[in-house]
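# Let's see this in three dimensions:
(2 chains)
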Number of protein chains: 2
Amino acid sequence: MTSDPSPAHPTAGLRDVVHQRARLGILTVLGETDRADFPYLKALLRLTDGNLGRHIEVLAAEGLVRVTKGYEGRRPRTWVEITRPGRGALAAEMDALKQLVQRYERRHLRPAPPAENGPPS
Amino acid sequence: MTSDPSPAHPTAGLRDVVHQRARLGILTVLGETDRADFPYLKALLRLTDGNLGRHIEVLAAEGLVRVTKGYEGRRPRTWVEITRPGRGALAAEMDALKQLVQRYERRHLRPAPPAENGPPS
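Just a heads-up that it's a prediction; the model follows:
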């Protein structure tokens, strides 16, 4: 195929801040729970401390998650929760991914071939 | 929710080399066409020259795409095509994304509420 296609490809509309693998993981987990703490996210998403912290900072800077520090008994805890804009951004990403998958399946999954000798009598 | 979840989250299985937005775009486009040239990919995916070149290098280094240079008439052309491992990696990514979307929809889209006064007679 050659140059000059017209409308943008579905992936052109994805937001890197939400699409990036670790951040997509953080947002989908937070979308399912009220809030989560660092050790929970780290274990579930198989991320290192540094990695998780860095990605949460990126999401918080965009207003997609909120970080709160507190205590449970005498133990300090850091909680992360998704914000309303975060829910919106996650919904938009999921919608785009669904379109991408459907487009892929339309073009790659062939319908079953017709029976070789015509329809059964 | 607190620490100690057991199985990894679906996003933990995504490969950054394939999942990254621009590279996912390149692979899905190449999965639909036999081969594509740089200007076509650039326009369709809304990428700069440098960006496109860099992501194609990453994909080629992983053996997921193959770059060939040639001429069309006297005009030099650079073609990119997807390899067999590239098709496999794209299929795995699409499968993972489908699971992620389905999981999201199961947890966020509520079924329609039952009719208020029981089933119609």
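# which residues touch the residue nearest to the spatial centre of chain A?
The residue at the geometric middle of chain A, judged as the C-alpha nearest the mean C-alpha position with Cα atoms, centre = their mean, is A:L24 (3.2 Å). Listed by Cβ atoms under 8 Å, 6 or more residues apart in numbering or on different chains, the contact set of A:L24 reads A:V18, A:E93, B:T11, B:L14, B:L100. Heads up, the C-betas are built off the backbone N, CA and C, glycines and all.
# What of A:P10?
Contacts here follow Cβ under 8 Å, 6+ apart; on that basis A:P10 touches A:A96, A:Q99, A:L100, A:R103, B:T28.
# Now with 7 Å, please.
A:A96, A:Q99, A:L100, A:R103 (Cβ atoms under 7 Å, 6 or more residues apart in numbering or on different chains).
# Chain B contacts on chain A?
Residues of chain A lying near chain B by Cβ under 7 Å from any Cβ of the partner chain: A:1-5, A:8-9, A:11-12, A:14, A:16, A:19, A:21, A:24-25, A:28-29, A:32-33, A:36-37, A:39-40, A:43-46, A:94, A:97-98, A:100-101, A:104, A:107.
# So which of those belong to strands?
Counting by DSSP state E, the residues of chain A next to chain B place A:A36, A:D37 in strands.
# Give me the buried entries from the contacts of A:P10.
In the contacts of A:P10, burial by neighbour count holds for A:A96, A:L100, counting by 16 or more other Cβ atoms under 10 Å in any protein chain shown.
# quick check, nearest of the contacts of A:P10 to B:P85?
Relative to B:P85, the closest of these is A:L100; by Cβ to Cβ it sits at 20.4 Å.
# Now that closest one. Nearest residue, chain neighbours left out?
Leaving aside its sequence neighbours, A:L100 sits nearest to A:P10 (Cβ to Cβ, 6 or more residues apart in numbering or on different chains; 5.0 Å).
# what stretches of chain A score poorly on pLDDT?
Scanning chain A for pLDDT under 70 picks out A:1-6, A:110-121.
# let's see 50
Counting by pLDDT under 50, chain A has low-confidence residues at A:121.
# Regarding it, what is its longest helix?
In chain A, ranked by residue count with DSSP state H as the criterion, the top helix is helix A:84-108.
# Now do that one and helix B:84-108, the angle between them.
Helix A:84-108 runs at 130 degrees relative to helix B:84-108, counting by axes from the mean of the first three to the mean of the last three Cα atoms, to 10 degrees.
# Okay, buried residues for helix A:84-108 please.
Judged by neighbour count (16+ other Cβ under 10 Å), helix A:84-108 contains these buried residues: A:G86, A:A89, A:L90, A:E93, A:M94, A:A96, A:L97, A:K98, A:L100, A:V101, A:Y104.
# For those residues, give me TSV that also has distance to B:L64.
Shown next, in TSV, are the buried residues of helix A:84-108 (distance: Cβ to Cβ, whole Å):
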residue	distance to B:L64
A:G86	32
A:A89	28
A:L90	28
A:E93	23
A:M94	25
A:A96	22
A:L97	20
A:K98	24
A:L100	17
A:V101	19
A:Y104	16
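# Please export the alpha-carbon coordinates of stretch A:89-107; CSV is fine.
Output of stretch A:89-107 as CSV, limited to C-alpha atoms (Å, rounded to 0.1, in the frame of the first residue of the first chain):
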residue,chain,number,x,y,z
ALA,A,89,-10.1,8.4,30.7
LEU,A,90,-10.2,4.7,31.4
ALA,A,91,-13.6,4.4,29.8
ALA,A,92,-12.3,6.1,26.6
GLU,A,93,-9.3,3.9,26.5
MET,A,94,-11.4,0.8,26.9
ASP,A,95,-13.7,2.0,24.1
ALA,A,96,-10.8,2.6,21.8
LEU,A,97,-9.3,-0.9,22.6
LYS,A,98,-12.6,-2.5,21.9
GLN,A,99,-12.8,-0.9,18.5
LEU,A,100,-9.2,-1.9,17.8
VAL,A,101,-9.9,-5.6,18.7
GLN,A,102,-13.1,-5.7,16.7
ARG,A,103,-11.4,-4.2,13.7
TYR,A,104,-8.6,-6.8,14.1
GLU,A,105,-11.1,-9.7,14.4
ARG,A,106,-13.1,-8.5,11.4
ARG,A,107,-10.0,-8.6,9.2
